[in-house]
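In: What follows is a protein structure lacking sequence information:
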């Protein structure tokens, strides 16, 4: 066999092997892959799923639970083009009853990037998942063009908006607060939300809130209850914020 012919044969065998491996990945059942991965993962939370359908390339997990919290269904589809840049690319979808969020995610060894994160969910989900000490109401809508994070620098880029429509919070029942929008940005490794209240909100708000992946948070808001605000809202502000001479309040919080 000539050298040129040997190269052609070796090239054909390599191509066949690549096609075979790709076919295995495409057809490999997601349920089997999860059983293999689950035994090797050392997660800080307990993750379980109901029915797993599809394969590694594209599939769906129903009845996903993290600890005791029911998260609904997650779908995924691999984006092979991201592998050329050394990243794992996924088109992800999350759905629970009437709530849904879709996103495209690229994962590196110590980095992550999410683009086109769009959808909405009830604010009460946040209270349930994070076990916040107050009830929340209203609808959260996300429209994020890009969110980029690295293990060394924290949040490197953020662009998009978050809307909280019909916002309410409190105990023993939520108090109406109004409508709020936040523009997202990144500064010094932290994710920053610049918050403004909508017209007619019982609680007028302006300022910013920031969170760093290291666990640090910072809130600096100027708030003002309108004459239509619930009396309990004013009492709550008196206990957590500093009253200003003009009748408004300054809420400043830092911690981790």
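Out: Ah, there it is. All values derive from a computational prediction rather than experimental measurement.

In: which residues does the residue nearest to residue 244 when sequence neighbours are not counted contact?
Out: Of all residues not flanking residue 244 in the chain, residue 250 sits nearest, at 5.9 Å (CB to CB, 6 or more residues apart in numbering). Heads up, the C-betas are built off the backbone N, CA and C, glycines and all. For residue 250, the contact set (CB atoms under 8 Å, 6 or more residues apart in numbering) comprises 220, 221, 222, 223, 241, 242, 244.

In: my read: residue 253 touches residue 218, true?
Out: Yes. Counting by CB atoms under 8 Å, residue 253 does reach residue 218; the two are 7.2 Å apart.

In: who has more neighbours, the two?
Out: residue 218 (16 against 12; other CB atoms under 10 Å).

In: Residue 256 versus that one, what's the distance?
Out: Distance, residue 218 to residue 256, by CB to CB, to the nearest Å: 10 Å.

In: same question, residue 97
Out: Residue 97 sits 34 Å away from residue 256, going by CB to CB.

In: so what's residue 165 up against?
Out: Counted by CB under 8 Å, 6+ apart, residue 165 has contacts 138, 139, 141, 179.

In: So which of those residues sit within strands?
Out: Among the contacts of residue 165, DSSP state E puts 138, 139, 141, 179 in strands.

In: out of those, who's nearest residue 198?
Out: Distance to residue 198, by CB to CB, is smallest for residue 179 among these, at 3.5 Å.

In: Is it correct that that closest one is in contact with residue 202?
Out: No. The criterion here is CB under 8 Å, and residue 179 misses it with residue 202 at 10.2 Å.

In: which neighbours do these two share?
Out: With the criterion set as CB under 8 Å, 6+ apart, the contacts of residue 179 and residue 202 do not overlap.
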